[in-house]
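Participant: build me a structure from this.
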Amino acid sequence: MQVTKTRLVPALAIAALALTGCANTSGYSGNVYSGNQAKAAQSVEYGTISAMRQVQIQAENSGILGSGGGAIIGGLLGNQVGGGSGRTLATAAGAIGGAMAGSKIEQSANRTAAWELEVRKDNGQTVVVVQKADQPFQVGQRVRLIGSGSNLSVAPY
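Facilitator: Predicted coordinates for the structure are as follows:
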């Protein structure tokens, strides 16, 4: 039975770590449309990028995969230490430490490189749009502003 438990822990650790990076960040791209946006009229305005900087978008953490998976793995590892009440304490400490580590791993995996684009529209107004950095932009570049409100994206002109 000990051989099975020893082989099970690394497999669980790999599975949990693989799942922590599963946040879907494609929605932050200016090149991806949601199902609701497809075949729907979008407003378009034109402008020029007046400033830009690299930022990061922090996707929402479920908390379940990172901290939950880390707690399970930490508890399993802690359970292999010592015996009696020492094993119980090691299991609890492993679960707590694993939950904290798993949460941090999930948070790091759910970050996406992005651009903060300040665009001076042709009508004189200035807007700032943050979107995934999956295409190159530069200050002075003419762009299209597609959509409105929280569904505004910047695309090359």
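Participant: list the buried residues in the longest strand along the chain.
Facilitator: Identified as the longest strand of the chain according to DSSP state E is strand 44-58. Buried residues in strand 44-58, counted by 16 or more other Cβ atoms under 10 Å: E45, G47, I49, M52, I57. C-betas here are computed from N, CA, C, even on glycine.
Participant: make sure I have this right: V32 is in a strand.
Facilitator: No. Going by DSSP: H, G, I helix; E, B strand; the rest coil, the assignment for V32 is coil, not a strand.
Participant: helix or strand: which one has W115?
Facilitator: Here W115, judged by DSSP states H and E, is contained in strand 111-121.
Participant: now do that strand against strand 44-58, angle only.
Facilitator: 150 degrees (axes from the mean of the first three to the mean of the last three Cα atoms, to 10 degrees).
Participant: which helices and strands sit right next to strand 111-121?
Facilitator: In this structure, strand 111-121 packs against strand 44-58, strand 126-132, strand 142-146, with contacts taken as 3 or more Cβ pairs under 8 Å, 6 or more residues apart in numbering; DSSP states H and E.
Participant: near V119, how many other residues are there?
Facilitator: 26 (other Cβ atoms under 10 Å).
Participant: low-confidence ranges in the chain?
Facilitator: Scanning the chain for pLDDT under 70 picks out the ranges 1-31, 37, 39, 60-71, 74-75, 78, 81-83, 91, 94-95, 98-110.
Participant: this completes my enquiry, with thanks.
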